[in-house]
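Asker: sequence unknown, structure follows:
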């Protein structure tokens, strides 16, 4: 009896695994997307793409640099057709290895040039602003720092939460390197090593600020807006400080999309990137609950957000942000 | 009889009936059937792949680069964090586990059967679910003190189980003699009982320490950085890079040092006895006025280890604001987890058979060596095994890359030791003399296998498979790194949700994992000392 049950279980398992491996009754083409963007947002956009084109997509989710380095190691034999990042440095890494195909001119025309790579092999499809979340009952607004660089000073000991292992924070560091130079960034990281409390994710940083565990936290804007829109459970006792003034802390990071040179479905892959930056793709992003900024020309962001035009970010060539160097600097500072 | 951590039987095996089973004398060479030997060698090599990878990688990286990657401030932080957590937790688990075992086995504590189950039940709650249960109700459990509390609550049964089994098996005569010679109760416990518990205590402590070195989910949730969490962070910021692999090298070194320390500490003393000893249970110490405090203590322990995490889990299931979870994804993840568990359990048990067969029926240096090499996996954290397999597949075995077989191979390497323990003892129960008897009665080889050997070993194989299944369903680290595109398991879905603090959405996955683990854990309380859950 037990053996029959076991046999049935193994049988079921084999069927399930076989279908999971794609041996089951399959559809036509299926694109493989390596995505570091939030899975719920990506699924919303991919569903729109599937409705418009009938092309299905298989998703591998991971971190920016995890997937970026994975693509580099896989080289030309990668199963990926399209790469989506949360931040541009990982895209730059893959592009620098010559693994990305040039994008269709029509795709590039849909987005202002500052949100695409100068090499025309990837394009932004969403943007997010760096913010400092703070707990007003512990951290009076008038005593907030005027620059992100201040956070390395002795006044901020144990007062800053960061998600050091996350790609978002690493992108912010790359902006500090780009705006202030490597030596200043190095000193800043050493200061943060002394001052910062490390959390797993931006949400965890925000929750810690909200509960008063730490006075302030570096993160991106949309976690806060999203939480406020849902329940405010992790953000009710927090406010956001936008640094502005072209400060490194006002950095606006761009999520990129690119097609792999090695893609065996290049035409469909180009279609996907074109869709992501098109009016319908960008509107799907605006309508979703992600609350990131759209970057498509003429697409307005969700009206609850502080308008992109008021953020006054530093001028940074997003194609030159150096991810691997940032990881090295963070390793030297003992943050990784 | 065999100790929970030590698969080598202490007593003389019952399989000495067949000539082939006699240990080879000086000069005599045991004969190994070539096919069986080939299979066993292949399995042993598979088990040694991760270790070989780490060593090979370190050599090929070169001394200067290795030093640059390893000797940096972060490594010192991690070493200190890992060492103090391991030391603290092992000590606490030893004290709590032994005290609980003594109360249940040797005192007049009421409700002993119930306590026996309740004290093992924390094993059904994976440590990362325990951490989630705590951290989702209070952030006070982050950092060293919190991490120490939670890992101790998760792992003390690993000491409690073998110590309780050892206490049951002790000959009460020794204690009585000691008392008759003038020792107090406490004196007899300290000078007679405790030394006899040493192998069980050390074995249990070693298990706790190895689990801690491998622990990822719980510590990541509690914001306590150790080598394993740091390797994962490195993986996230640089994939399977030299920095990650070098940290893995240091971690492997820690594991090997632990194994050596345990062997040294266990010493050369012999604990086996001839004959059955006094055939009656040991006397129970009357607790008297201490009954209430003892009950309160155990009650508090069970409340912290079980009631808090499970209560928190139920609360999230009922009220979570983010409970708008996708039932289809849940079902799909559950089926994938069960399927992977079943396949990995079958494969791993099958792999254990040739090695165990050689070890039992063709004893010799080579078969012992092969058997020992399959135990290496139990000392290797999942993250190290996964990192090794990813790098090897991407560089030299592309067809396997990102496939289910590679994931199953990872599970097999990690959990082969569990299957080995049970398969080996099962085979020992089917001595070759029975084969000879069957042959002499006219049964052919196949029919002997079907009618004599299989029925004898089937329960053992089943138990081994069940242990592996249980471990696979709650495995997190290797699954995160090795699962093929689109494969979502209960553990990975739970992890994804809890990473973005969607505690309500994570709850159903955690609850299913606990439900699946519960029956196997229940079995453990009925057959103490049978295996080592992780």
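Answerer: Sure, I can see it. In this text, all values refer to a predicted model and were calculated from it rather than measured experimentally.
Asker: could you give the number of residues near the residue nearest to residue B:155 when sequence neighbours are not counted?
Answerer: Residue nearest to residue B:155 in three dimensions, not counting chain neighbours: residue B:208, with 4.7 Å by Cβ to Cβ, 6 or more residues apart in numbering or on different chains. Any C-beta I mention is one placed from the backbone N, CA and C, and that applies to glycine too. With neighbours defined by other Cβ atoms under 10 Å in any protein chain shown, the count for residue B:208 comes to 27.
Asker: try residue B:400
Answerer: Residue B:400: 16 neighbours (other Cβ under 10 Å).
Asker: that one touches residue B:408, doesn't it?
Answerer: No - at 10.5 Å, residue B:400 does not count as touching residue B:408 under the criterion of Cβ atoms under 8 Å.
Asker: what's near enough to touch residue B:39?
Answerer: residue B:354 (Cβ atoms under 8 Å, 6 or more residues apart in numbering or on different chains).
Asker: rerun at 10 Å
Answerer: For residue B:39, the contacting residues are B:33, B:350-351, B:353-355, B:357-358, by Cβ atoms under 10 Å, 6 or more residues apart in numbering or on different chains.
Asker: where does residue A:243 fall, helix, sheet strand or coil?
Answerer: Taking DSSP: H, G, I helix; E, B strand; the rest coil as the rule, one finds residue A:243 in the coil state.
Asker: and it, how close does it get to chain B?
Answerer: 24 Å (Cβ to the nearest Cβ, to the nearest Å).
Asker: quick one: pLDDT of residue 12?
Answerer: By default, I'm working from chain A. pLDDT, residue A:12: 52.
Asker: let's do chain B instead
Answerer: So residue B:12 comes in at 38 (pLDDT).
Asker: minimum distance to chain A, which residue of the stretch 251-400 of chain B gives it?
Answerer: residue B:339 (3.4 Å; Cβ to the nearest Cβ).
Asker: how many neighbours does that residue have?
Answerer: Neighbours of residue B:339 (other Cβ under 10 Å): 25.
Asker: cool, residue B:57 as well?
Answerer: Neighbours of residue B:57 under the rule other Cβ under 10 Å: 20.
Asker: hang on, residue B:32 is in a strand, isn't it?
Answerer: No - going by three-state DSSP, the assignment for residue B:32 is coil, not a strand.
Asker: secondary structure class for the residue nearest to residue B:155?
Answerer: helix.
Asker: give the bridge partners for residue A:196, please.
Answerer: Counting by DSSP bridges, residue A:196 forms beta bridges with residue A:160.
Asker: how near is it to residue A:235?
Answerer: 20 Å (Cβ to Cβ, to the nearest Å).
Asker: okay, these two: which has more neighbours?
Answerer: residue A:196 (26 against 23).
Asker: hmm, stretch A:221-236 in reach of chain B?
Answerer: Yes - counting by Cβ under 10 Å from any Cβ of the partner chain, contacts between stretch A:221-236 and chain B involve A:223, A:226-227, A:230-234.
Asker: how deep is residue 243 tucked in, by neighbour count?
Answerer: Let's take chain A. For residue A:243, using other Cβ under 10 Å, the count is 25.
Asker: if you could check chain B rather than the one you did, that'd help
Answerer: Counted with other Cβ under 10 Å, residue B:243 comes out at 23.
Asker: repeat for the one 5 residues further on
Answerer: Burial of residue B:248 is recorded as 30 neighbouring residues (other Cβ under 10 Å).
Asker: ok, the spatially closest residue to it that is not a sequence neighbour - contacts?
Answerer: Spatial nearest neighbour of residue B:248, excluding adjacent residues (Cβ to Cβ, 6+ apart): residue B:384 at 4.6 Å. Neighbouring residues of residue B:384 by Cβ under 10 Å, 6+ apart: B:50-51, B:53-54, B:213-214, B:227-228, B:231, B:244-245, B:247-249, B:251-252, B:255, B:414, B:477-478.
Asker: tally of neighbours for residue 202?
Answerer: Using chain A here. Count around residue A:202 with other Cβ under 10 Å applied: 27.
Asker: right idea, wrong chain: chain B
Answerer: So residue B:202, with other Cβ under 10 Å, has 22 neighbours.
Asker: wait, isn't it in contact with residue B:266?
Answerer: Yes - counting by Cβ atoms under 10 Å, residue B:266 is a contact partner of residue B:202 at 5.5 Å.
Asker: picking that back up, among the contacts of residue B:39, which are in reach of chain A?
Answerer: Near chain A, by the rule Cβ under 10 Å from any Cβ, you find none of these.
Asker: could I get the residues you listed as JSON lines with distance to residue A:99?
Answerer: Formatted as JSON lines, the contacts of residue B:39 follow (distance: Cβ to Cβ, whole Å):
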{"residue": "B:33", "distance to residue A:99": "50"}
{"residue": "B:350", "distance to residue A:99": "40"}
{"residue": "B:351", "distance to residue A:99": "38"}
{"residue": "B:353", "distance to residue A:99": "45"}
{"residue": "B:354", "distance to residue A:99": "43"}
{"residue": "B:355", "distance to residue A:99": "43"}
{"residue": "B:357", "distance to residue A:99": "49"}
{"residue": "B:358", "distance to residue A:99": "48"}
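Asker: show the buried residues in the residues you listed.
Answerer: Among the contacts of residue B:39, those classed as buried by 16 or more other Cβ atoms under 10 Å in any protein chain shown are B:350-351, B:353-355, B:357-358.
Asker: how about residue B:282, what does it touch?
Answerer: By Cβ under 10 Å, 6+ apart, the neighbours of residue B:282 are B:105-106, B:167-176, B:193.
Asker: repeat the analysis, applying 6 Å as the threshold.
Answerer: Contact partners of residue B:282, counting by Cβ atoms under 6 Å, 6 or more residues apart in numbering or on different chains, are residue B:172.
Asker: how would you label it: helix, strand or coil?
Answerer: With three-state DSSP as the criterion, residue B:282 reads coil.
Asker: and it, what pLDDT?
Answerer: Value listed for residue B:282 in the pLDDT field: 73.
Asker: quick one, phi psi at it?
Answerer: phi -70, psi 160 (degrees, to the nearest 10).
Asker: I appreciate the help and will end here.
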